[in-house]
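Colleague: Sharing a model that was predicted from the sequence below.
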Amino acid sequence: MPQIIPIRDLKNTAEISKKCRLADAPIFITKNGYGDMVIMSMKRYEESLAKLDIYAKLDEAEQQISAGKTVAADTSMKRLRAKYHV
């Protein structure tokens, strides 16, 4: 279940920092009862960015496959071996 806290609770920065580090998900901040912001730890943020990067690369690969821009594995290995003299 997501954590939701009012914006006035942001005054206690040490406690908020601890909550962010311990939370498994972003923390939602409300203002006057409505969603206003989302906060999370740096670690969680970096993990989210890494996932987005992987998803983007997978999407690009799927588009290349759909467009027929593929090379057989043995051909690819031969090219790599020739390029790196292995």
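Modeller: Great, that's in hand. Residues are numbered from 1 along each chain as shown.

Colleague: domains for this protein, by residue range?
Modeller: 3-40, 43-84 (automatic domain parsing).

Colleague: okay, the ones you listed, which one's buried deepest?
Modeller: Most buried of those, by mean neighbour count (mean count of other C-beta atoms under 10 Å): domain 3-40, with a mean of 12. All C-beta atoms are positioned from the backbone trio N, CA, C, and that covers glycine.

Colleague: show me the contacts for Gln3.
Modeller: Lys19, Ala23, Ala25, Ile27, Phe28 (C-beta atoms under 8 Å, 6 or more residues apart in numbering).

Colleague: next one: stretch 38-53 to chain centre, how far?
Modeller: On the basis of C-alpha atoms, centre = their mean, to the nearest Å, the separation between the geometric centre of stretch 38-53 and that of its chain is 5 Å.

Colleague: Make 115 the starting number, not 1.
Modeller: Sure thing, new numbering starts at 115, so read that last one as stretch 152-167.

Colleague: Dump that stretch to PDB, restricted to CA.
Modeller: Backbone C-alpha positions of stretch 152-167 (Å, rounded to 0.1, in the frame of the first residue of the first chain) are rendered in PDB as follows:
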ATOM      1  CA  VAL A 152       6.100  12.200  -5.100                       C
ATOM      2  CA  ILE A 153       9.400  11.700  -3.300                       C
ATOM      3  CA  MET A 154      11.700   8.700  -3.100                       C
ATOM      4  CA  SER A 155      15.200   7.800  -2.100                       C
ATOM      5  CA  MET A 156      18.100   8.300  -4.600                       C
ATOM      6  CA  LYS A 157      18.600   4.500  -4.700                       C
ATOM      7  CA  ARG A 158      15.000   3.900  -5.700                       C
ATOM      8  CA  TYR A 159      15.200   6.800  -8.300                       C
ATOM      9  CA  GLU A 160      18.400   5.300  -9.900                       C
ATOM     10  CA  GLU A 161      16.800   1.900 -10.000                       C
ATOM     11  CA  SER A 162      13.700   3.400 -11.700                       C
ATOM     12  CA  LEU A 163      15.900   5.100 -14.300                       C
ATOM     13  CA  ALA A 164      17.800   1.900 -14.900                       C
ATOM     14  CA  LYS A 165      14.500   0.000 -15.500                       C
ATOM     15  CA  LEU A 166      13.300   2.700 -17.900                       C
ATOM     16  CA  ASP A 167      16.600   2.400 -19.800                       C
END
